[in-house]
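Student: How does the following fold in three dimensions:
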Amino acid sequence: MWVTSSPTTVLTPTAVALGNFDGVHQGHRQVIQPVLDAVGQVQAVDRIYATVVTFHPHPQEFFTGQSRLLLTPLIEKAAQLSAIGVEQLVLLPFDQTLAALTPEQFVEQVLVQQLKARSISVGLDFCFGQRRAGTAKDLQALAAQYGITVTITPLKTMGEARISSSAIRQALHDGDLDLANRLLGRPYRLIGKVVQGQQLGRTIGFPTANLQLPTDKFLPRFGVYAVRVYACDRGSEVDLSAVPHILGVMNIGCRPTVDGTVQTVEVHLLDWADDLYERTLIVALERFLRPEQKFASLAALKAQIQADCDTARTLLNADF
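Tutor: All right, here's what the predicted structure looks like:
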């Protein structure tokens, strides 16, 4: 997939889905689908690029000056979008110039002149332009002046609750992995390179792969998770159906039993003994097993880890 932040290198004309799309969850995919449908209906002689347009940095990060942890950092977001058929990801540099554009200027300068949009899809709650003054209905009316159709997609819900990135973050923060995964429409993933750790796990018979994650990756509640692990050195593999997986147990936390003070993400792979250093792993979080806790001794910790491994094996084999 083509990724660009420069208007001079955008592949045009485009069918555009507009939004932040952090998580690429079920609601986001509902907004993106009309773009994929529009491109699929066009004859080959009239090439249009299925494009997602988002903002970098996130507008909230720009206005608050505070870094924002993401469900899907850039590389992961691009991979998720590519997997569902998006051909191009345009990262609009969100700066004072862009923030100052009126809705009318945004449509003319960005959507018409830079992106040469033929069709646009947004969610019902989409806002744009200076002080978020423009609504989805405003976009529809403004774009119509240029002959551009705008599809306004309804909010995606699960039961009575709206599916949103905020709801997914809250579920992960609470350790409600089942809810987070249902909102996402897939297991939450951590992607990182295996780096040298303190190798404490080896001393008690449970060697772990220590993962180095993107610094802007949102981590779920500290604790122990049953996971499926995929060794994908490209780091962007998201269609994992053809990739062998390994069952595992992941710990996210500071290892209080050994007086740890630094946050780590460690995976113990079941039935695996090969060296994984410098390999890139995709870890799909399937079940939350228990919160992080401090044990009275290493023997008690070892017994609990064995119990966690047995529980994970049973749950993951039952789910497969």
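Student: I'd like the distance between Leu81 and Pro13.
Tutor: Per CB to CB, to the nearest Å, Leu81 is found 19 Å from Pro13. Every residue, glycine included, has its C-beta placed from N, CA and C.
Student: So these two - more neighbours on which side?
Tutor: In this comparison of Leu81 against Pro13, neighbours counted by other CB atoms under 10 Å, the higher total goes to Leu81 at 27 against 17.
Student: tell me the secondary structure for the more buried one?
Tutor: At Leu81 the chain is in helix, as set by DSSP: H, G, I helix; E, B strand; the rest coil.
Student: now swap in Val265 and tell me
Tutor: The three-state label given to Val265 by three-state DSSP is strand.
Student: ok, longest helix in this protein?
Tutor: helix 298-319 (DSSP state H).
Student: Buried residues of that helix, list them for me.
Tutor: Judged by neighbour count using 16 or more other CB atoms under 10 Å, the buried positions of helix 298-319 are 301-302, 305, 308-309, 311-313, 316.
Student: chain center to that helix, what's the gap?
Tutor: Here the centre of helix 298-319 is set off from its chain's centre by 28 Å, with CA atoms, centre = their mean, to the nearest Å.
Student: hey, C-alpha coordinates of it in CSV?
Tutor: The C-alpha trace of helix 298-319 is given here as CSV (Å, rounded to 0.1, in the frame of the first residue of the first chain):
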residue,chain,number,x,y,z
LEU,A,298,10.1,-17.7,43.4
ALA,A,299,8.7,-21.1,44.1
ALA,A,300,5.2,-19.7,44.4
LEU,A,301,5.7,-17.7,41.2
LYS,A,302,6.9,-20.7,39.4
ALA,A,303,3.8,-22.7,40.4
GLN,A,304,1.5,-19.9,39.3
ILE,A,305,3.2,-19.6,35.9
GLN,A,306,2.8,-23.4,35.4
ALA,A,307,-0.9,-23.0,36.3
ASP,A,308,-1.2,-20.1,33.8
CYS,A,309,0.4,-22.2,31.1
ASP,A,310,-2.0,-25.1,31.7
THR,A,311,-5.0,-22.7,31.7
ALA,A,312,-3.8,-21.0,28.5
ARG,A,313,-3.3,-24.3,26.7
THR,A,314,-6.8,-25.5,27.6
LEU,A,315,-8.5,-22.2,26.6
LEU,A,316,-6.6,-21.7,23.4
ASN,A,317,-7.0,-25.2,22.2
ALA,A,318,-10.7,-25.0,23.0
ASP,A,319,-11.0,-21.8,21.0
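Student: circling back: okay if I get the buried residues of helix 298-319 as a markdown table plus distance to Glu76 and pLDDT?
Tutor: Shown next, in a markdown table, are the buried residues of helix 298-319 (distance: CB to CB, whole Å; pLDDT from 0 to 100):
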| residue | distance to Glu76 | pLDDT |
| --- | --- | --- |
| Leu301 | 32 | 89 |
| Lys302 | 34 | 90 |
| Ile305 | 29 | 92 |
| Asp308 | 26 | 96 |
| Cys309 | 27 | 95 |
| Thr311 | 28 | 96 |
| Ala312 | 24 | 96 |
| Arg313 | 27 | 95 |
| Leu316 | 23 | 95 |
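Student: Now render those residues as CSV, adding distance to His268.
Tutor: Below are the buried residues of helix 298-319 laid out as CSV (distance: CB to CB, whole Å):
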residue, distance to His268
Leu301, 12
Lys302, 12
Ile305, 7
Asp308, 9
Cys309, 7
Thr311, 13
Ala312, 9
Arg313, 12
Leu316, 13
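Student: closest to His25 among those?
Tutor: Nearest to His25 among the buried residues of helix 298-319: Leu316, at 23.0 Å, using CB to CB.
Student: so that closest one sits right up against Val229, yeah?
Tutor: No: contact criterion CB atoms under 8 Å: Leu316 and Val229 do not qualify, at 10.7 Å.
Student: Give me the neighbour count for Thr64.
Tutor: When neighbours are counted by other CB under 10 Å, Thr64 registers 10.
Student: and Asp138, how far is that from Ser164?
Tutor: 22 Å.
Student: center of the chain - which residue?
Tutor: Thr72 (2.5 Å; CA atoms, centre = their mean).
Student: so that one touches Gly23, yeah?
Tutor: Yes: between Thr72 and Gly23 there is a contact under CB under 8 Å: 5.6 Å.
Student: and for these two, which residues touch both?
Tutor: Counting by CB atoms under 8 Å, 6 or more residues apart in numbering, Thr72 and Gly23 have no shared contacts at all.
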